[in-house]
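Participant: Predicted model and sequence below, questions to follow.
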Amino acid sequence: MLYAISWFVIVLLLAAWSLTAWALHAAAVWTLSSAGALSGAASGVAGLRLPEWLAPWVPAEVVQSLSALLSGLGPMVESLLQAAPALAGGLTWASWAVWGIGGVLFVVLGAALHLLIALWRRGGGPDSRPPRAMAA
């Protein structure tokens, strides 16, 4: 009975692992596929300004260098957002690989539990005691 319980728990863990891997893959592919629609959002970075209450406390050189940095990052972010949908195919292969490694680890865990139960029964578990002789 312990063998069946341990393998049932392993199958439940494998099912939960599969569902989690599928959900994370679906969310990641949806995010990468939708990233191309955000390609115009990077151009709005140049319009960012410090709040009025913070401007007197920040030196003008820091503000200029941050503005230059943000204007230089804009085209790079734009090109990354346009290239993101092409990464969805590679993500599928990666998620299959991670799911497979996890599945193999769960099967190995099940085999280890099976072996531990067998050793426990052989070495001194409650089912390994000989039956008592009846008193006459």
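Facilitator: Cool, the structure landed.
Participant: now the strands for this structure?
Facilitator: In the chain, no strands are found when defined by DSSP state E.
Participant: middle-most residue in it, spatially?
Facilitator: Residue closest to the mean C-alpha point of the chain, counted by C-alpha atoms, centre = their mean, is Leu24 at 6.4 Å.
Participant: That residue contacts Ser95, doesn't it?
Facilitator: Yes - when contacts are counted by C-beta atoms under 8 Å, Leu24 is listed as touching Ser95 (7.2 Å). Where you see a C-beta, it was placed from the backbone N, CA and C, and this is true even at glycine.
Participant: Check the gap between Pro59 and Leu115 for me.
Facilitator: Between Pro59 and Leu115 the computed distance is 67 Å (C-beta to C-beta, to the nearest Å).
Participant: now do Val58
Facilitator: Applying C-beta to C-beta to Val58 and Leu115 gives a distance of 65 Å.
Participant: again with Leu69
Facilitator: From Leu69 to Leu115 the distance is 58 Å (C-beta to C-beta).
Participant: next one: Gly72
Facilitator: Computed with C-beta to C-beta, the distance linking Gly72 and Leu115 is 59 Å.
Participant: pLDDT wise, what is the residue nearest to the centre of the chain at?
Facilitator: As predicted, Leu24 sits at a pLDDT of 94.
Participant: got the contact list for it?
Facilitator: With contacts defined as C-beta atoms under 8 Å, 6 or more residues apart in numbering, Leu24 is in contact with Ser95.
Participant: can you rerun that using 10 Å?
Facilitator: Contact partners of Leu24, counting by C-beta atoms under 10 Å, 6 or more residues apart in numbering, are Leu91, Ser95, Val98, Trp99.
Participant: Which residue is the nearest non-sequential neighbour of the third one?
Facilitator: Meaning Val98. Ranked by C-beta to C-beta, 6 or more residues apart in numbering and with sequence neighbours excluded, the top spatial neighbour of Val98 is Ala21, at 6.6 Å.
Participant: Same check on the first one?
Facilitator: In this structure, Leu91 finds its nearest non-sequential neighbour in Ala28, 5.6 Å apart by C-beta to C-beta, 6+ apart.
Participant: So what's the residue count around that neighbour?
Facilitator: If you count neighbours by other C-beta atoms under 10 Å, Ala28 ends up with 16.
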